[in-house]
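> Have a look; sequence and predicted model below, questions after that.
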Amino acid sequence: MENKDRVTHHIDHYEGHRSKRLDQRRYADGADVCIVGAGAAGGVLAYELAKAGLRVVVIEAGPFWNPQTDFASDELAMKNLGWQETRLVDGNNPLRLGHNNSGRGVGGGTVHFTGVFLRFHESDFMTKTVDGVGEDWPIRYQDLAPYYDKIEREIAVSGPDYFPWGPFNGPYPFPVREPISANSQLFREACAKLGFDSVVAPLAILSAPFDGRPPCINRGFCNQGCMPNAKYSGLIHHIPKAIQAGAEVLSDCMVTQILTDGTRVTGVLFQHGNDTYKQTARVVILAGYVVETPRLLLNSATPHFPDGLANSSGWVGKAIMTHSSQDVYGLLPEEVRLYKGTPVLALTQHFYETDRNRGFARGYTLSAHGARPVAMAGGVAAERMDGTLLWGKALRETMLDYNYYARITLVGEVLPNPDNAVTLSDEKDEYGLPIPKVTFSYGENDKKLIAHAIEQMKRLIEAMGGTPQHVVDDTAHLMGGCRMGKDPSTSVVNEFGQTHDIPNLFIAGASTFVTSGGANPTNTVMALAARTADRLVEAMKTRDV
């Protein structure tokens, strides 16, 4: 919160109870499960565990948003949906952190994501075996397939009758969104000219009424929060259902430390305003941001765990990954109007699997991606990898042609590298916590993949009848830092997110990813969370944790 003394939302939420105070907390005397973070993973876990009859508390650093009063069709104002606190960045390719790859508030990043809802492919879980790069996951696609099915049905994902790549070929629960934007239509026509299959994108956005929510009307402000609630978010789906099932949600509360008794965790400390509170629990699940989860583990070091919790392997914070997310903007002879429609309505995975003739391993997804004026101006003005800037008269003249630009975006696989890491700096934030330092550099394989993708995006722009004008260097979707594995010496958690070192401490979300894949990660995050929930319900029945 910018002003910790001013509470504009209720902060204690359970069925029949909303309060701006914490003195009537339902589970103040202890919970079965305490979940830190109410994003994509935290929402699924909260609902599944509460539905199973467990006493669940979710603690979220940001507000409990109200879509009708807190969201606005305003690019600048809605930057506050992302995590804006200071982060130190380092490396050869320092990351730009904030709205593009994090959320702060109930629903997390699902509140302002584009809604693209893709599955990983079989090869994504075994890159070492298949391609000799990265590492293999301790699970395979088949382990997640039923959970992909479950999540897609549960939130009514819209998508094509036939999806031509990977092991899942459709159909999706709801039909594709129609009509698609001009940018997406031009993209699909260009793909056809070049011999690439393309589809209308699978989206966590309704194409028909569902669960009391309306279908999308193509307002196009998905990244600013969906006011009509046509787009899925944990804020409007899993968290309210979790509350109905008995969960308690504490918003505007920042977890600052995980408590232990030496060998097990006993709960967490959290701050609201100027006060510190304790929440005890049988099990703690960290379901926060890829930067915040390692920070919390490292900052919770004890004499028994001197290098941080769950860090006997030394891998906490290491091998973070992002997706390379370069954009190519092309100038077309006729109006495109990038602001019209849902941002991503078409994509291709023609280049998803490894082809050694390209000179690199792994692959990527290309999407037709809308852009609002401020986002486009900020993108094309930013410093490129070659050090050049677009500014002043040149930037103004570019934006005068805004309606004539098309845009294509890369979601490229980045290979894991232990040197890409989250560590603690000596500087402190408003809570007295060490500010994290995020170090990131692309590897040679990553750079070759990016170069290949940019060339294909330029070809697509030309096939649209346009001229490539601007290549914007960007990243999205942070992953890794607490990766799963079978070997406790080279990983942090097992296949269910249970830490190797502490049996009643779990980690959920993109932090546990072993590799990044070449597709948007939200579906995989939620499927993994549902799988962990099933495991945890059984384990708690038999008191195995």
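Now that the structure is in, tell me what you want to look at.
> can you map out the helices along the protein?
40-51, 67-70, 127-131, 141-154, 182-194, 238-244, 292-299, 373-381, 392-400, 444-463, 522-541 (DSSP state H).
> Between these, which one is closest to residue 345.
Nearest of the helices of the chain to residue 345, taken as C-beta to C-beta: helix 182-194 at 3.9 Å. To be clear about C-beta, it is placed using only N, CA and C from the backbone, and glycine gets the same treatment.
> What helices and strands are in contact with the closest one?
strand 344-348, strand 364-369, strand 405-412, helix 444-463 (3 or more C-beta pairs under 8 Å, 6 or more residues apart in numbering; DSSP states H and E).
> what residue ranges in the chain score low on pLDDT?
Applying pLDDT under 70 to the chain flags residues 1-8, 99, 383-387.
> for it, which strand is longest?
In terms of residue count, the longest strand belonging to the chain (DSSP state E) is strand 275-286.
> From the chain's centroid, how far away is that one?
Centre-to-centre, strand 275-286 and its host chain are 24 Å apart (C-alpha atoms, centre = their mean, to the nearest Å).
> which secondary structure elements does that strand contact?
Strand 275-286 packs on strand 31-36, strand 56-59, strand 254-260, strand 265-272, helix 292-299, strand 505-507, helix 522-541, going by 3+ C-beta pairs under 8 Å, 6+ apart.
> can you dump the C-alpha coordinates of that strand into CSV?
Extracted C-alpha coordinates of strand 275-286, given in CSV (Å, rounded to 0.1, in the frame of the first residue of the first chain):
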residue,chain,number,x,y,z
ASP,A,275,1.2,-3.7,13.3
THR,A,276,2.6,-7.3,13.1
TYR,A,277,0.4,-10.4,13.4
LYS,A,278,1.1,-14.1,13.6
GLN,A,279,-0.8,-16.8,11.7
THR,A,280,-0.2,-20.4,12.8
ALA,A,281,-0.9,-23.3,10.6
ARG,A,282,-0.2,-27.0,10.2
VAL,A,283,0.9,-26.4,6.6
VAL,A,284,2.3,-23.3,4.9
ILE,A,285,2.1,-22.9,1.1
LEU,A,286,4.1,-20.1,-0.6
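> ok, that strand: who's next to it in the sheet?
Applying DSSP bridges, strand 275-286 is found paired with strand 31-36 (parallel), strand 265-272 (antiparallel), strand 505-507 (parallel).
> How about exporting the first one as CSV, limited to the C-alpha atoms?
Output of strand 31-36 as CSV, limited to C-alpha atoms (Å, rounded to 0.1, in the frame of the first residue of the first chain):
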residue,chain,number,x,y,z
ALA,A,31,-5.5,-22.9,10.5
ASP,A,32,-4.9,-26.2,8.8
VAL,A,33,-3.3,-24.4,5.8
CYS,A,34,-1.9,-20.9,5.4
ILE,A,35,-1.5,-19.9,1.7
VAL,A,36,0.8,-16.9,1.0
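> Begin at 11 from now on, thanks
Yes, from this point I'll number from 11; that puts the last item at strand 41-46.
> Wait, residue 453 touches residue 428, no?
No. Applying C-beta atoms under 8 Å as the test, residue 453 and residue 428 come out as separate, 11.5 Å apart.
> higher neighbour count, these two?
residue 453 (17 against 13; other C-beta atoms under 10 Å).
> OK, contacts around that one?
By C-beta atoms under 8 Å, 6 or more residues apart in numbering, the contact set of residue 453 is 424-425, 427.
> what's the closest of those residues to residue 459?
residue 424 (8.2 Å).
> Residues contacting stretch 402-409 from elsewhere in the structure, which ones?
Residues contacting stretch 402-409 (C-beta under 8 Å, 6+ apart): 383, 386-387, 390-391, 400, 479-480.
> Buried residues in that stretch, which are they?
408-409 (16 or more other C-beta atoms under 10 Å).
> number of nearby residues for residue 509?
25.
> so who does the residue nearest to it when sequence neighbours are not counted touch?
Nearest residue to residue 509, sequence neighbours excluded (C-beta to C-beta, 6 or more residues apart in numbering): residue 320, at 3.9 Å. With contact taken as C-beta under 8 Å, 6+ apart, residue 320 is in contact with 307, 326, 492, 502-503, 509-512, 515, 517.
> Same question for residue 183.
Taking C-beta under 8 Å, 6+ apart, one finds 162-163, 166-168 in contact with residue 183.
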